[in-house]
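Undergrad: Just the structure for this:
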Amino acid sequence: MGELTNWNSTNLAANSALNAPNSLRSFTPSLKPHFGPAKKEMKIVARVIDLRSDTVTKPNETMRAAMAAADVDDDVLGSDPTAFKLECELARIMGKEAALFVPSGTMANLISVMVHCEVRGSEVILGDNSHIHVYENGGISTIGGVHPKTLKNNPDGTIDIDKIERAVRGTEDELYYPTTKLVCLENTHANCGGKCISVEYTDKVGELAKKHGIKLHIDGARIFNASVALGVPVDRLVRAADSVSVCLSKGLGAPVGSVIVGSKSFITKAKKLRKTLGGGMRQVGVLCAAAYVGLRDIVPKLVDDHKRAKILADGLKEMEHFHVDSNSIESNMIFFDIKKPSKLSSARLCEVLEDHGVLAMPASSTSMRLVLHYQISDADVQYALTSIKQAVEQIMTEGTKNGKMAQKNVASYATN
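TA: The predicted model follows:
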């Protein structure tokens, strides 16, 4: 009984730390290689600024209250009123007939591709740097039996229209080649720096798809960021699409989930596939309640995330060791490069920043990605910039200090 009491008190303390303001928070850093049993050191820092992704947000008090008070029922049986409310609202906002809540963006995209490519061996055209192709474990192939035809993403996240058209393969080629059934776009495009795909470009791809009798799916994990940044209503932005996946746990700040929108017949098929993939959940209104708050309260704040991203990029631009094109920042993401030659590496920079309470992730060995979200304030941006500057100074002096220490040790050894 004593052990249970201690466990509960420990976890209550940990939960309190996670919900505390940035200025009072503790965190557990990543495990580093070691021998023996796994150990975690709890570091107490002045504040934690988490810039790893917009997926790291924690549900705010309004979301938690909504979750606790949610009216729920069995969603697999189609009876959960809160899930139904969220789905109807997103279908309305996106200008589509129906919507379906699913556990993750990966499942949302997988279901969408599988619905459009019902015949195994069908082909989907998508960007070589797209999230579906790079980060979703090859699910469209391993589970869906769908063949990916990758085309080069331009720096702005688009794919050349003429390349898409040349890549379309029809039934007359079916003896040798897969038949194209779908084109996928991503908006905003994460690996291209959070670039926003224009409505004009999307319309052109939609027209091309109709011309060839194929479908258009948009991976809209951050579609609301694109809508805000472009100043285009989200329903207009996705009008040409047959289906759209919308992530609720990124910029919108909900703890879990994505929603797929499309026609009623599309969603009927999607619901069956959701069940097949294990995504049917029962009293899911508890999660949908938080997502509804995000949709209502956080979307209007996305513009502030974009402004802070610009401020952060401008600050990084002033540091001599980095290259960042602040004019290319279109939404809530910043990619910046470490100038060569340099003692700096993205991995080491992240490691030192962690000691300052700033969490970041490398994009490569010489580049980094920072992502803003509604739980990052103006003061947090300034603290992050100060911490980055201090971390760089520390790393740049490490070699000199280590060299002097080594010389001292050699001299000491020689006199003994």
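Undergrad: can you give me the strands for the stretch 51-200 of the chain?
TA: 98-102, 123-127, 147-151, 180-186 (DSSP state E, counting those that start in this stretch).
Undergrad: Format those strands as JSON lines; extra columns: mean pLDDT.
TA: Formatted as JSON lines, the strands of the stretch 51-200 of the chain follow (pLDDT from 0 to 100):
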{"stretch": "strand 98-102", "mean pLDDT": "98"}
{"stretch": "strand 123-127", "mean pLDDT": "98"}
{"stretch": "strand 147-151", "mean pLDDT": "98"}
{"stretch": "strand 180-186", "mean pLDDT": "98"}
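Undergrad: Quick check, residue 170 in contact with residue 179.
TA: Yes: the criterion here is Cβ atoms under 8 Å, and residue 170 meets it with residue 179 at 6.6 Å. The way it works is simple: take the backbone N, C-alpha and C, and place the C-beta from them, glycine included.
Undergrad: Between those two, tell me which one has more neighbours.
TA: Applying other Cβ atoms under 10 Å to residue 170 and residue 179 shows that residue 179 carries more neighbours, namely 18 against 12.
Undergrad: For residue 400, give me the pLDDT.
TA: At residue 400, the pLDDT value in this model is 54.
Undergrad: Residue 101: what's it in contact with?
TA: By Cβ atoms under 8 Å, 6 or more residues apart in numbering, the contact list for residue 101 reads 75, 83, 86, 87, 257, 258, 259, 284, 287, 288, 291.
Undergrad: so which two of those residues are the farthest from each other?
TA: Farthest apart among the contacts of residue 101 by Cβ to Cβ are 75 and 258. That separation is 14.6 Å.
Undergrad: Between these two, point out the one with more neighbours.
TA: residue 258 (27 against 23).
Undergrad: Would you confirm that the more buried one contacts residue 110?
TA: No: look at residue 258 against residue 110 with Cβ under 8 Å: they stay out of range, at 10.9 Å.
Undergrad: what about the spatially closest residue to residue 391 that is not a sequence neighbour, how many neighbours?
TA: Excluding the flanking residues, the one nearest residue 391 by Cβ to Cβ, 6 or more residues apart in numbering is residue 352, at 4.1 Å. Neighbours of residue 352 under the rule other Cβ under 10 Å: 19.
Undergrad: Check residue 240 too.
TA: For residue 240, using other Cβ under 10 Å, the count is 20.
Undergrad: Name the nearest residue to it, ignoring sequence neighbours.
TA: Distances taken as Cβ to Cβ, 6+ apart put residue 206 closest to residue 240, at 2.6 Å, once the chain neighbours are dropped.
Undergrad: Then residue 130?
TA: Distances taken as Cβ to Cβ, 6+ apart place residue 186 nearest to residue 130, at 5.0 Å, with adjacent residues excluded.
Undergrad: how close does residue 153 sit to residue 189?
TA: Per Cβ to Cβ, to the nearest Å, residue 153 is found 7 Å from residue 189.
Undergrad: same deal with residue 382?
TA: Taking Cβ to Cβ, one finds residue 382 at 28 Å from residue 189.
Undergrad: Likewise for residue 50?
TA: 22 Å.
Undergrad: Neighbour count for the two, which is higher?
TA: Neighbours per residue, other Cβ under 10 Å: of residue 50 and residue 189, the larger number sits with residue 189, 29 against 23.
Undergrad: quick one: pLDDT of that one?
TA: pLDDT, read off for residue 189, is 98.
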